[in-house]
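> next come a sequence and a model predicted from it.
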Amino acid sequence: MSDERKLTSQAEDFAAWYNEVVLRAELADYSPVRGSMVIRPWGYGIWERMQGALDDMFKATGHENAYFPLLIPMSFIEKEKEHIAGFAPELAVVTHAGGKELEEPLAIRPTSETVILEMYAKWVQSYRDLPILLNQWANVMRWEMRTRLFLRTAEFLWQEGHTAHATEAEAREHTIRMLGVYRTFMEDWIAMPPVTGLKSESEKFAGAVETFGCEALMKDGKALQAGTSHFLGQNFARASGLTFQSEAGTEEYAWSTSWGVSTRLVGGMVMTHGDDAGLIVPPRLAPTQVVVIPIYRNDEERSATEAKAREVEARLRDAGVRVKLDARDHLSPGAKYYEWERKGLPLRVEVGPKDLEKGSLALARRFFPEGEKRKLFLPEGEAIASIPDRLEAMQAALLAAAVARREESSYRGVRDWGEMREILETRGGFVYTGWSGDPAVEERAKEEMKATIRCMPDPEFRSDTAPTRCISGEGEARHEVVWARAY
RNA sequence: CGGGGUGUGGCGCAGUCCGGUAGCGCGCCUGCUUUGGGAGCAGGAGGUCCCGGGUUCGAAUCCCGGCGCCCCGACCA
């Protein structure tokens, strides 16, 4: 028996590591239904933190929440022809209810553009009713062939924003604004810095005019599409009859956008920060940021250190820290250390007999600068007072480390097909090249190196000198693009 | 849907080739001793061996037929 208590290392088998971490950190578990998962309290707590932050950002950009139904008439989904073509293979459809076959089958929503715009059409008469800026938190279902916890499951939780505007310019601007919101959220909260940009035709959302995405780099060198924002043009408005009377008195179709992020972000967090000891949860996302562990050798010491631990807990709570006392008596301190480290809890405070004597506390950090020791021994007052700042510092350090990793794994100015393949097959990462715009080049890369164009990066991510030739060797470069193997 | 693997206490596995009282480690319960990096000892609970047929005196084991799950490929947030 190899040590069952240890996780498979990332270097040995990243996919196995991922599965083990998700299960053993108690983020989620497999459910009785293939492809569906149960999100456990620790994982759901992280999602709730994400929801809270995003929801605030949505409100701050003028949105309100609403809720639209799970079941969508098939005829709605069929209205936009690219949309139905894109989603048909992964639809789950309800054909029977109440013991009878339904007159019209009902699709379980894979996304809600069709119903939502149908409703908007009822609510909008004139340009004065626009824009409509709504968001919903919901579950959706896409019948995937291969599933992975958080990264791809048949049912998942997400947020979908749907807006309708009177002008193309406003809708385009909104699409970009929400992409920016996602980027900021990913950097500030998940400490997962994405590259943003425009999706190629083959990767865009079915029914969109343009799709923009946030692409994050995972520790194994693969890209994760972490969020998308779509400019839908008038496509869905036409399909749903969403028209309005303009200021000039003419009848026009509205311009719409949609944008979403899902529980997949939890998987992104795992693969951005986790290490061989388990998860690392950025402090802002951690449902509990600090655990306080009393250490003792007998009943007398137990009551003394537990009392102090409770006091520390109370003072941290007063300071706005999400803190928890772990007073379980049946586990040794060491066992608790391993457990909380596996779950990625940012900071641990140990209170032992020696601390009581010396008026000190031990702080153990889940993530700390290279070369430093995990544990710090500090005077009690200083230790407690420093914790809020330490949490913020850890948050910043995680982002800095992730940015550094992304930059180290970004290969710019690659001009040779073989070189691109060599990089993607051995190291992984983001390869920046020129592209003629020919879809055949994407197709070939997918076949030969399982890589796709993740995006045509936004200006700030582009290389200093723009590529001039297409990576295929044929044709001028019309865009700079980022290639990667993706989840 | 193709290829591979696997199904045995809560978890991880052995046992299957070669049929003969269902085992090991971890976990769990009780007690005592422990507790600053995964505690020790003693006692204990817990199993339709994935399901259905068949062969046999006897099946976890052999035969036939199903099913689940995981991994690898084709589709996707």
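Perfect, I can see it now. Residues are numbered from 1 along each chain as shown, chains lettered A, B, ... in the order given.
> from A:Ser258, how far out is the closest residue to RNA strand B within the stretch 351-487 of chain A?
The stretch 351-487 of chain A approaches RNA strand B most closely through A:Gly352 (2.0 Å), counting by Cβ to the nearest atom of the strand. Glycine gets a C-beta too; all of them are placed from N, C-alpha and C. Per Cβ to Cβ, to the nearest Å, A:Gly352 is found 54 Å from A:Ser258.
> who has more neighbours out of those two?
More neighbours surround A:Ser258 than the other of A:Gly352 and A:Ser258, with 26 against 22 (other Cβ atoms under 10 Å).
> counting by contacts, list what the host helix or strand of that one packs against.
Assessed by DSSP states H and E, A:Ser258 sits inside strand A:255-262. Contact partners of strand A:255-262 among helices and strands, from 3 or more Cβ pairs under 8 Å, 6 or more residues apart in numbering; DSSP states H and E: helix A:113-123, strand A:155-165, helix A:168-185, strand A:223-233, helix A:235-240.
> list the buried residues in the helix or strand following that strand.
Using DSSP H and E, the helix or strand that follows strand A:255-262 in sequence is helix A:264-273. By 16 or more other Cβ atoms under 10 Å, the buried positions in helix A:264-273 come out as A:Arg264, A:Leu265, A:Val266, A:Gly267, A:Gly268, A:Met269, A:Val270, A:Met271, A:Thr272, A:His273.
> which residues in the stretch 251-400 of chain A form helices?
A:264-273, A:299-318, A:333-342, A:353-358, A:380-408 (DSSP state H, counting those that start in this stretch).
> touching RNA strand B at all, the first one?
So that's helix A:264-273. Yes. Under the criterion of Cβ under 7 Å from any atom of the strand, helix A:264-273 makes contact with RNA strand B via A:Arg264.
> likewise for the third one?
Yes. Contact of helix A:333-342 with RNA strand B (Cβ under 7 Å from any atom of the strand) involves A:Pro333, A:Gly334, A:Ala335, A:Tyr337, A:Tyr338, A:Glu339, A:Glu341, A:Arg342.
> please pick the buried ones from those.
Of the residues of helix A:333-342 next to RNA strand B, these count as buried by 16+ other Cβ under 10 Å: A:Tyr337, A:Tyr338, A:Glu339, A:Glu341, A:Arg342.
> would you tell me which one of the helices and strands packed on strand A:255-262 is buried the most?
strand A:223-233 (a mean of 25; mean count of other Cβ atoms under 10 Å).
> got the angle for that strand vs strand A:155-165?
Orientation check (axes from the mean of the first three to the mean of the last three Cα atoms, to 10 degrees): strand A:223-233 against strand A:155-165 gives 30 degrees.
> does strand A:223-233 reach RNA strand B?
Yes. Using Cβ under 7 Å from any atom of the strand, strand A:223-233 reaches RNA strand B at A:Gln225, A:Ala226, A:Thr228.
> what is the nearest of those residues to RNA strand B?
The nearest member of the residues of strand A:223-233 next to RNA strand B to RNA strand B, counting by Cβ to the nearest atom of the strand, is A:Gln225 at 3.3 Å.
> got the contact list for that closest one?
With contact set as Cβ atoms under 8 Å, 6 or more residues apart in numbering, A:Gln225 has these partners: A:Gly213, A:Cys214, A:Glu215, A:Arg454, A:Ala486, A:Tyr487.
> please tabulate the helices of the stretch 251-400 of chain A in CSV, including the columns distance to A:Pro459.
Output for these, formatted as CSV (distance: least, Cβ to Cβ, whole Å):
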stretch, distance to A:Pro459
helix A:264-273, 24
helix A:299-318, 43
helix A:333-342, 41
helix A:353-358, 53
helix A:380-408, 17
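> buried deepest among these, which one?
Mean neighbour counts were taken over the helices of the stretch 251-400 of chain A using mean count of other Cβ under 10 Å, and the top value, a mean of 26, falls to helix A:264-273.
> which elements pack onto that one?
Against helix A:264-273 (3+ Cβ pairs under 8 Å, 6+ apart) you get helix A:14-24, helix A:41-60, strand A:210-217, strand A:223-233, helix A:380-408.
> so which of those is nearest A:Lys79?
strand A:223-233 (13.0 Å; Cβ to Cβ).
> pLDDT (mean, whole number) over the closest one?
Averaged over strand A:223-233, pLDDT sits at 96.
> report the angle between the axes of it and helix A:168-185?
Going by the same axes, to 10 degrees, strand A:223-233 makes 160 degrees with helix A:168-185.
> residue contacts, A:Gly45?
Taking Cβ under 8 Å, 6+ apart, one finds A:Pro287, A:Thr288 in contact with A:Gly45.
> pLDDT on stretch A:291-299, on average?
pLDDT averaged over stretch A:291-299 gives 95.
> and if you look at stretch A:148-167?
Rounded mean pLDDT across stretch A:148-167 is 93.
> which residues touch the residue located most distally from the centre of chain A?
The centre of chain A is farthest from one residue, A:Glu300, which by Cα atoms, centre = their mean lies 47.1 Å away. Contact analysis of A:Glu300 by Cβ under 8 Å, 6+ apart lists nothing.
> gap between it and A:Ala307?
Distance from A:Glu300 to A:Ala307, by Cβ to Cβ: 11 Å.
> of all the buried residues of helix A:264-273, which two lie farthest apart?
Greatest spacing in the buried residues of helix A:264-273, by Cβ to Cβ: A:Arg264 and A:His273 (15.3 Å).
> list the residues that contact A:Glu210.
A:Thr175, A:Leu198, A:Lys199, A:Lys204, A:His230, A:Phe231.
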